[in-house]
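**Q** give the three-dimensional model of this entry:
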Amino acid sequence: MASSAFVWWRALAHGHLLPGTVPILRRVHAVHAVPVLALLIAGCRDAPPRRGAVRVDDFGEPVRRGSAVSPSRIVSLMPATTELLFAIGAGPRVVGRTPWDLWSDSARRIADAGVGLRPNIEAVLARKPDLVLLYAAGENHAAAQALHAAGVPVIALRIDRLEDFRRAARLIGMATGDSARAATVVDSVDRTLARVRSATAGLPRPTVFWHVWDAPIITIGRGSFLDQLLTIAGGRNVYEDLSQPSPQVSIEDIVRRDPDVILAGPDGAARIRASTTWRAVRAARTGHVLVVDTSLIGHPSVRMGEAAVVLARLLHPGAMP
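**A** This next block holds a predicted model:
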């Protein structure tokens, strides 16, 4: 699925797309792509390397421990890692980012170093980095090799699920000399997720269809971190039986699965509500279309606890203080 993932990265910074949708997405403006920013990144997974005592990244390369001489010029080519860097206090060291790094506000003031899949190596090197954080997709092997050849350390990470976030945070903390702060960030996210899980544990679990894309219709499977957040928030994904992170489905199958609720971004919700085709789905016909904050629920990073709280409040009003 790597070639289709490349198209999403051109639009989203990291993405996965099923065959046949390339012509559609080439016409999509970036602002409409933000709602699915990190949901779709897992389509370009390689087999994870075997990890021993030496800490390695997801290309199997050793990660150097930060010390008195820690990286001072970091180019982050994933929104998730950019958020992590700012959360652990390493934001002032970031000198390059992707166009899709929209949080925090401080990140927007960092120079744009281009997209994250098959990045422009000259643009990255122009930022004079002493560390580059790269998404561990097959398409990025060549970029990692070119950066290594230029003498620039690279950490390649695949952050698709909650457990990936925890490991990435600890590796980045180690590499930047900010291990304690990284551990604090992970603990904070985990505590919030645990609080949400506890608040929704005894509640009825509405079945949910999560709308990601229109043509073709793309949703979330259990390979997505959004499926994990949905479960924590007290919902049940009607496509939890599909292992893909972002499966393509049909309106007929959605009707057959009969979700209680549809979750969608603002634009997607408006289109569903206005569509005669979607009226075949009971949840759309009865007005059970809930709008998710796509600026918050974008990718698996430091705001996942907050995202779970928002989802729980949508699905179970009054359940969360």
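**Q** quick one: residues in contact with stretch 172-189.
**A** 55, 63-67, 70-71, 74, 81, 84-85, 87-90, 93, 131, 133, 155, 157, 165-166, 169-170, 302, 304-305 (Cβ atoms under 8 Å, 6 or more residues apart in numbering). Using the backbone N, CA and C atoms, a C-beta is placed for each residue, glycine as well.
**Q** can you list the buried residues in stretch 231-244?
**A** For stretch 231-244, a neighbour-count test (16 or more other Cβ atoms under 10 Å) marks 231, 232, 233, 234, 235, 236, 237, 238, 239, 240, 242, 244 as buried.
**Q** element containing the closest residue to the third one other than its chain neighbours, please.
**A** In this case it means residue 233. Ranked by Cβ to Cβ, 6 or more residues apart in numbering and with sequence neighbours excluded, the top spatial neighbour of residue 233 is residue 311, at 3.6 Å. Per DSSP states H and E: residue 311 is located in helix 304-315.
**Q** so where do the strands sit in the protein?
**A** 74-76, 94-96, 131-135, 154-157, 207-210, 217-218, 236-237, 248-249, 261-264, 289-291 (DSSP state E).
**Q** run the chain-centre distance for the fourth one.
**A** In terms of Cα atoms, centre = their mean, to the nearest Å, the centre of strand 154-157 is set 16 Å apart from its chain centre.
**Q** what helices or strands is it leaning on?
**A** strand 131-135, helix 141-149, helix 162-176 (3 or more Cβ pairs under 8 Å, 6 or more residues apart in numbering; DSSP states H and E).
**Q** now the longest one: average pLDDT?
**A** Per-residue pLDDT values over helix 162-176 give a mean of 94.
**Q** got the angle for that helix vs strand 131-135?
**A** On the basis of axes from the mean of the first three to the mean of the last three Cα atoms, to 10 degrees, helix 162-176 is oriented at 170 degrees to strand 131-135.
**Q** could you tell me how many residues sit around the residue nearest to residue 247 when sequence neighbours are not counted?
**A** Nearest-residue entry for residue 247: residue 221, 4.8 Å, with adjacent residues in sequence omitted and distances by Cβ to Cβ, 6+ apart. By other Cβ atoms under 10 Å, the residues close to residue 221 number 21.
**Q** contacts only, for residue 221.
**A** 227, 237, 239, 240, 241, 242, 243, 244, 245, 246, 247.
**Q** got the phi/psi numbers for it?
**A** phi -110, psi -170 (degrees, to the nearest 10).
**Q** distance of it from residue 239?
**A** Going from residue 221 to residue 239 by Cβ to Cβ, to the nearest Å gives 5 Å.
**Q** returning to that earlier point: in helices, which of the contacts of residue 221 appear?
**A** Among the contacts of residue 221, DSSP state H puts residue 227 in helices.
**Q** with pLDDT and distance to residue 254 added, can I get the contacts of residue 221 in TSV?
**A** Shown next, in TSV, are those (pLDDT from 0 to 100; distance: Cβ to Cβ, whole Å):
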residue	pLDDT	distance to residue 254
227	96	16
237	98	12
239	98	9
240	96	14
241	96	14
242	95	13
243	91	18
244	88	16
245	86	18
246	89	15
247	95	12
